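1. Give me coordinates for this.
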Amino acid sequence: MTETNATRSSDTPVFPEGRYGHRRAAGRRRPWISALLAVALLGVLGLAATRLYRQYGDPTYDAQVITYTDITDTQLRLVFRVTVPSGGSAVCAVRARSRDGAEVAREEVRVDAPPGERQPVVEHLMTTKAKALLGEVLRCRAAE
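-> Below is the predicted model:
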């Protein structure tokens, strides 16, 4: 038995000369296009990350609740510490919530750090619409 073209195993098929037209040469690779697209993508992602960090991620103004006391039907005393630049000012949004999680008070408190101090302790008395269960600091930002 003889081997024919159909039964011969090879990596590339063998076609009769001139029957199917000219074969196209393998496409040229253009690695610089891929590299350029990768650099552009990294640049866009870097700009987006920088913008989001400036908007949401400033660790300079960090707040920690120390305690909330003197809870009555209409008041809550919130004590918290804020990290601010030395001699700087911050505005902190604070709120009180009731047992069912409803917001019963929300206020903005200005915090001024004395020169040389970075973590002033703030004591703020909030007036609530109903009996509060807890007080919290939502966020702090630079005072304008």
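
2. Please verify my assumption that Gly87 contacts Pro120.
-> No: using C-beta atoms under 8 Å as the test, Gly87 is too far from Pro120 to be in contact (10.7 Å). To be clear about C-beta, it is placed using only N, CA and C from the backbone, and glycine gets the same treatment.

3. what do the two both touch?
-> Ala113, Pro114 (C-beta atoms under 8 Å, 6 or more residues apart in numbering).

4. Who has more neighbours out of these two?
-> Pro120 (15 against 12; other C-beta atoms under 10 Å).

5. pLDDT weak spots in this protein?
-> Residues of the chain that meet the criterion pLDDT under 70 lie in 1-10, 23-27, 57-59.

6. can you give me the strands for it?
-> 62-69, 75-83, 89-97, 103-112, 121-127, 134-142 (DSSP state E).

7. buried residues in the shortest one?
-> Residues of strand 121-127 classed as buried: Val122, His124, Met126 (neighbour count, 16 or more other C-beta atoms under 10 Å).

8. close enough to count as contact, the second one and Leu76?
-> No: in this structure His124 lies outside contact range of Leu76 using C-beta under 8 Å: 9.1 Å.

9. Ile33 is nearest to which of the strands of the chain?
-> Ranking these by proximity to Ile33 (C-beta to C-beta) places strand 134-142 first, at 43.0 Å.

10. Parallel or antiparallel, list what pairs with the closest one.
-> strand 89-97 (antiparallel) (DSSP bridges).

11. So what's the residue count around the nearest residue to Gly87 once chain neighbours are set aside?
-> Using C-beta to C-beta, 6 or more residues apart in numbering and skipping residues adjacent in sequence, the residue nearest Gly87 is Pro115, 4.5 Å away. Other residues lying near Pro115 total 7 when counted by other C-beta under 10 Å.
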